[in-house]
Structure formats: C-alpha cells, structure tokens
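Undergrad: A structural model of the following input is requested.
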Amino acid sequence: MKNLLIVLLVIPFLSFGQVSENEKNEIETYAQKMCDCFNNTLKDLHPKAIEAINILATDGQQKMEQYITKEMQEASDVDKQAIMGSFQKMQEPSFGAKIENCDTSSIQNKALKIRLDNPKTESHKYLMTYLSSEDSCKVLKVFYDMGTSQN
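TA: Down below sits the predicted model:
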C-alpha cells in the first residue's frame with residue numbers, strides 16, 4: 001500500500017514539465033502551417049536574397065556576408081537593385097506584419113499559444129527544437145531568433 005501511494009505521488013512529478021504527445025502533434029501542426037505561410041511570404045523576395053537567408057540559417061552571418069559580397073560583385077545592375085530591394089523589403093513593417101499573420105493565423109488553441117509565446121515553458125522549447133530540426137522551418141527560426149534578440 002505504501003509503494004502504491006509513493007507511485008501515485010511520483011507520477012504527476014514525472015510528467016510535470018513534459019510535453020504530451022497530443023501537444024507535440026499540435027505544436028508540429030502549428031509550426032508547419034506557420035513555416036508554409038512564412039515560406040510563401042519569402043516568394044516575394046529575390047532568389048539570391050532567399051539564398052542569403054538560407055546561408056544565414058545554416059552557416060552563419062559571416063558566410064552569408066561572403067555570399068552577398070560575391071553575388072553583388074557578379075550581378076548585373078538590375079539584379080543588384082532587386083537583391084537590395086529584397087533586403088529593404090524585409091525591413092519594412094508590412095513584411096513584418098505578413099510574418100506575424102503567419103503566426104497568429106496558424107493556431108486554434110489559445111492556451112497553447114500562450115505557452116508557446118513564453119520562452120520558459122517546455123512547449124516553447126519543443127517548438128524551437130522543432131523549428132531547428134525541420135528544413136522547411138530553419139529560415140523562420142533565424143527570423144524568430146533575430147526578432148527575439150532585438151527585443
């Protein structure tokens with residue numbers, strides 16, 4: 001009887017702080033919708049600017065800067081303007097609003113959204129791990145990291 005009581009008391013503590021399978025599935029669905037929306041938003045940008053963002057996501061800022069320098073040296077004047085225009089577009093409030101709309105329109109469960117927005121929760125940590133692990137989400141993760149480092 002004593003062992004049963006101990007087990008009943010320990011089980012809630014073992015599951016406390018962990019993300020359930022149902023919540024993981026909901027987070028992954030949310031993340032994938034958000035990533036798809038984000039990737040559709042990127043389609044408005046020049047392909048070389050998107051490639052620069054991908055390099056930033058995978059290889060870091062130094063490699064991205066090297067890539068941009070090389071591409072700008074080799075690009076025609078028209079392409080240079082288009083590439084620079086894409087980087088300017090990314091800094092516009094309307095571009096940020098499109099990205100934010102990807103976030104707010106991608107979740108149905110408001111309680112989960114609150115947990116996802118709190119960096120101290122296991123749900124948030126699971127979301128960040130998921131974004132980092134999915135190829136289609138890595139660029140979104142870079143934007144997310146840049147946004148949170150500016151706050």
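Undergrad: And the helices in the protein?
TA: Taking DSSP state H, the helices of the chain run over residues 2-15, 21-42, 47-59, 61-74, 77-91, 93-104, 110-117, 122-133, 138-150.
Undergrad: looking at this structure, which helix or strand is least sure?
TA: helix 2-15 (a mean of 41; mean pLDDT, DSSP states H and E).
Undergrad: Including mean neighbour count, could the helices of the chain go into TSV?
TA: From N, CA and C alone the C-beta is placed, and that goes for glycine too. Output for those, formatted as TSV (neighbours: other Cβ atoms under 10 Å):
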stretch	mean neighbour count
helix 2-15	9
helix 21-42	16
helix 47-59	18
helix 61-74	13
helix 77-91	14
helix 93-104	13
helix 110-117	14
helix 122-133	17
helix 138-150	15
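Undergrad: which sections of the chain are below the confidence cut-off?
TA: Within the chain, the stretches with pLDDT under 70 are 1-17, 105-106, 147-151.
Undergrad: Which residue, neighbours along the chain excluded, lies closest to Ala49?
TA: Ser86 (3.5 Å; Cβ to Cβ, 6 or more residues apart in numbering).
Undergrad: Please list all residues in contact with the one you found.
TA: Taking Cβ atoms under 8 Å, 6 or more residues apart in numbering as the criterion, Ser86 is in contact with 45-46, 48-50.
Undergrad: Show me which pair in these is furthest apart.
TA: Leu45 and Lys48 (8.9 Å; Cβ to Cβ).
Undergrad: residues contacting Ile83?
TA: By Cβ under 8 Å, 6+ apart, the residues touching Ile83 are 46, 48-49, 68, 71-72, 75.
Undergrad: can you check Lys80 too?
TA: Lys80 touches Met72, counting by Cβ under 8 Å, 6+ apart.
Undergrad: Please tell me how far the residue nearest to Ala49 sits from Thr69.
TA: For Ser86, the distance to Thr69 (Cβ to Cβ, to the nearest Å) stands at 16 Å.
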